[in-house]
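Asks: give the three-dimensional model of this entry:
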Amino acid sequence: MTLLIDDPPVQRAATRRARWRDASGWLPVLLPALLAAALTAYRYDAKPLWRDEVYTLSTAGRGVGDMMGLLSERDAGLVGYYLVMHPWLAVSEASWWIRLPGAVATVVLVALVAVLARRFAGPWGALVAGTLAALAPAVYVHGQEARPYPMALTAVVVTVLLLLRATHRPRAWLWPLTGAVALLAVALHPLVTLPSVGAAFFAVWLRPGRASRWALVLTALPAGLAGAALVVAGSLQAAARPPAPATLPEYFTFWRLASDVPWLGWPLLALAVVGAAVLARRARRGEPGARHALVPVLWAPVPVLAITVLGLTGGYFNARYASAAVPPAAVLAAVALTAAPAAARRAARGRRWAGWAAVAAVVALLGALAPGGLAYRAQRAGFDDPQGAARQIAAQAQPGDAVVYVGNVVRPMLEAYYPPGLAGGDRLDDALLVASPEDSDTLGGLEVRRVGDKVAALAPHQRVWLVGSVATATEDLGRTTGNARAAMDGRRLVSSTDHNWLRVELWELRQADTTGATASPEPPGVAQ
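Replies: This is a model prediction of the structure:
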């Protein structure tokens, strides 16, 4: 941490003032980190594993050869993350253990955001920016997950801090260290980190200070080449899957990066814009704290623009891929918020009450962000609720029922929460399964391939449970999914229940309905 806190030295005139300056160096960093630790520890590991975490467990938990074989077919872009998690999972595959790296990285990330903000907005700005980061959904949502986002964002912030140090105190050992951290960042998740790392290097290249531009280029080259190769590899794999174009409302969900509610998220993003303007004005005046203003100003919008372009060009759009915008946005918002008291006093012609009113408004804003994080922690499940889905099937399954899964990790996700003896028993026949994930070295197991054969395998079963994500169940891609088409063939929909983003449907042979009294209406678009 001392390496990354690289502010110019201050002259200490008095012992009491020196002690305060010492405290102002670490206390604004420590307090947000403690807040992040408390939020992360609250109901830690209370939620069931969701589908992406099952990818982590099913991929990184295998031998290296099997893992690389799986990555040659899917998730090649995250090879760095799975390689990091592979030895970790060799110790234990307990959910609390596989989530621990992300939990620790979340606390470190918040502390480093405060360190970064201290350069541009002083100690109070460090406290505000660190608090904003700790309470941002883009940070706390992934703080209790076995996914790469906290680790990737931490690596990006470390890269930026090392670059800023190199602009006025370059050392020979600093360049390989910076290059290695940048390479780690893009290897963990290139879609999230590559735009941010590229923006940071470009901003420093434009204003290099004492750093050599050639050293910057050579340092960035490995990360740039590796990141581009991983993005291409992932894009080629994605081309083999059904397209999932973003809908228009999805392009306006970036406020969720900063808050769970738009009336807080949009103002926070607007504050980041104001902070960028304030920082740019300070840079024009030559103020020391704004000499690297170009770094956060360029860094903040690039992840959002990159993921938007990805969605518009037909790639997979997800707002969380822009989460690397949160650290610079928190810094810029902190610049605006810490400048507010002085601006309020000037507007009120020097009246002190205006400054204190502005301080109270900042505290109220930060306080308004806290309930969202606590409410998310209190939820029974996150993105998916396989525990709830498994509980429903266990309670309602009857002898002779079959189950069909839509999605390559839905089977292991639910089987982890079935009661003993249910899966493969007389009440729940996995009729399409040919070989289990363990026996086939696949994520979800091998199944009957042709739709006609699937229909024949399900023919003896009067009732079929169809389980899949909301995006791929029968209302959306079910007509083009062989498993869903086979489950629906000759059957009527009896019930449909969503467990967050996981859908459980019960389909029953039409011949069994003699009165029609219990029949549910067919959902729009379901194949007849």
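Asks: okay, CA-based contacts and neighbour counts for the rest of this
Replies: Will do.
Asks: what residues does stretch 204-220 touch?
Replies: The contact list for stretch 204-220, computed with Cα atoms under 8 Å, 6 or more residues apart in numbering, reads 163-164, 166-170, 175-176, 178-179, 182, 198, 201, 292, 294-295.
Asks: what do you get if the cut-off is 10 Å, keeping everything else the same?
Replies: Counting by Cα atoms under 10 Å, 6 or more residues apart in numbering, stretch 204-220 makes contact with 160, 163-172, 174-180, 182-183, 197-202, 221, 224, 291-295, all of which sit outside it.
Asks: who's in contact with A200?
Replies: 156-157, 159-161, 163-164, 194, 220, 294-300, 302.
Asks: that older thread, any of the contacts of stretch 204-220 buried? List them.
Replies: 160, 163-167, 170, 174-175, 178-180, 182-183, 197-202, 221, 224, 291-295 (16 or more other Cα atoms under 10 Å).
Asks: now, these that are in helices?
Replies: Of the buried ones among the contacts of stretch 204-220, the ones assigned to helices by DSSP state H are 160, 163-167, 174-175, 178-180, 182-183, 197-202, 221, 224, 294-295.
Asks: tell me how many other residues surround H461.
Replies: The burial count assigned to H461 is 18, neighbours taken as other Cα atoms under 10 Å.
Asks: and the gap between W173 and P371?
Replies: Taking Cα to Cα, to the nearest Å as the criterion, W173 is separated from P371 by 44 Å.
Asks: packing partners of the strand or helix carrying V128?
Replies: V128 is located in helix 100-134, with elements delineated by DSSP states H and E. Contact here means 3 or more Cα pairs under 10 Å, 6 or more residues apart in numbering; DSSP states H and E; on that basis helix 100-134 packs against helix 15-41, helix 79-91, helix 137-140, helix 149-168, helix 262-285, helix 294-299, helix 326-347, helix 352-378.
Asks: under the pLDDT cut-off, which ranges of the stretch 1-150 of the chain? List them.
Replies: Under the criterion pLDDT under 70, the flagged ranges of the stretch 1-150 of the chain are 1-25.
Asks: try it again with 90
Replies: Scanning the stretch 1-150 of the chain for pLDDT under 90 picks out the ranges 1-26, 51, 58, 61-66, 68-76.
Asks: residues near S440, how many?
Replies: Applying other Cα under 10 Å, we find 12 other residues in the vicinity of S440.
Asks: any weak-confidence spans in the stretch 151-300 of the chain?
Replies: Regions of the stretch 151-300 of the chain meeting the criterion pLDDT under 90 cover residues 167-172, 209-211, 232-253, 260-262, 283-292.
Asks: rerun at 70
Replies: Residues of the stretch 151-300 of the chain that meet the criterion pLDDT under 70 lie in 239-245.
Asks: which stretches in the stretch 401-528 of the chain count as strands?
Replies: Taking DSSP state E, counting those that start in this stretch, the strands of the stretch 401-528 of the chain run over residues 402-406, 433-435, 446-447, 463-469, 491-499, 502-509.
Asks: who wins for proximity to L312 among these?
Replies: L312 sits nearest to strand 463-469 of all the strands of the stretch 401-528 of the chain, at 23.3 Å, using Cα to Cα.
Asks: just the C-alpha atoms of the closest one, please, in CSV.
Replies: Written as CSV, here are the backbone C-alpha positions of strand 463-469 (Å, rounded to 0.1, in the frame of the first residue of the first chain):
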residue,chain,number,x,y,z
ARG,A,463,-45.4,-35.0,-16.6
VAL,A,464,-42.1,-33.2,-17.4
TRP,A,465,-40.4,-30.5,-15.4
LEU,A,466,-38.7,-28.0,-17.7
VAL,A,467,-36.1,-25.9,-15.9
GLY,A,468,-34.0,-23.1,-17.5
SER,A,469,-33.2,-19.4,-17.3
